[in-house]
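**Q** How does the following fold in three dimensions:
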Amino acid sequence: MASSRAARLAPVVEMAEKAEKTTVQRLGHFQGQVRLAESKLADLEAFRLDYQEQWIVRGSSGVSGQWLLGYQGFLAQLGTAIDQQRQSLNWHQNNLNKSREAWQQAFARVEGLRKLVQRYRDEAQQLEDKREQKLLDELSQRLQRQDPY
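**A** You can find the predicted model right below:
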């Protein structure tokens, strides 16, 4: 009976394993998205540093007012792009955290089901062992009754 309980749970375990596999794939996807967003942010920040260094080089030799306005305008646009990329990174990190939580729940469910199935198998094995021991005891008693010595 316990063995059949384990067998009946097999499709449930299989479905839980498929769900867990899907959450692992989503987790991997969001990890990739976070890495990509981090890389883009790092690129933008590096570009801003390079652009600011141009100010030091060009500014030391004197610049026109028009160049300065263009520089400040582009630097402002670059700052906006960096802020937007930070927001994008935060959004992707949020998705990653939610995905990680979903995976942890799916993993815990699979592990719980596996332990339950193992417990059912162990119970079935114990029942089978008891049944065999009982048969051996009965056989031993019969043999003792039949033995004339």
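**Q** ok, now which ones touch F107?
**A** 20, 23 (Cβ atoms under 8 Å, 6 or more residues apart in numbering). Quick note: C-beta positions are derived from backbone N, CA and C, even for glycine.
**Q** What average pLDDT does whichever strand or helix holds it get?
**A** Taking DSSP states H and E as the definition, F107 sits inside helix 65-146. Confidence for helix 65-146, expressed as mean pLDDT, is 93.
**Q** So what's the gap between it and the chain middle?
**A** Its chain's C-alpha centre and that of helix 65-146 lie 7 Å apart, by Cα atoms, centre = their mean, to the nearest Å.
**Q** Could you do stretch 24-32 as well?
**A** 7 Å.
**Q** Any chance you could list what contacts that stretch?
**A** Contacts for stretch 24-32 (Cβ under 8 Å, 6+ apart): 92, 95-96, 99-100, 102-103.
**Q** again, 6 Å this time
**A** 95-96, 99, 103 (Cβ atoms under 6 Å, 6 or more residues apart in numbering).
**Q** Which residue, other than its chain neighbours, is closest to K40?
**A** Setting aside the residues directly before and after it, K40 is nearest to Q85 in space (Cβ to Cβ, 6 or more residues apart in numbering), at 5.5 Å.
**Q** meant to ask about L113
**A** V13 (4.8 Å).
**Q** cool, and E20?
**A** Closest residue to E20 in three dimensions, ignoring its sequence neighbours and counting by Cβ to Cβ, 6+ apart: A106, at 4.0 Å.
**Q** okay, now that neighbour: neighbour count?
**A** A106 is flanked by 20 other residues according to other Cβ atoms under 10 Å.
**Q** what does L96 give?
**A** 20.
**Q** if I pick it, what's in contact with it?
**A** L96 touches 30, 34, counting by Cβ under 6 Å, 6+ apart.
**Q** Can you give me the distance of it to Q105?
**A** 15 Å (Cβ to Cβ, to the nearest Å).
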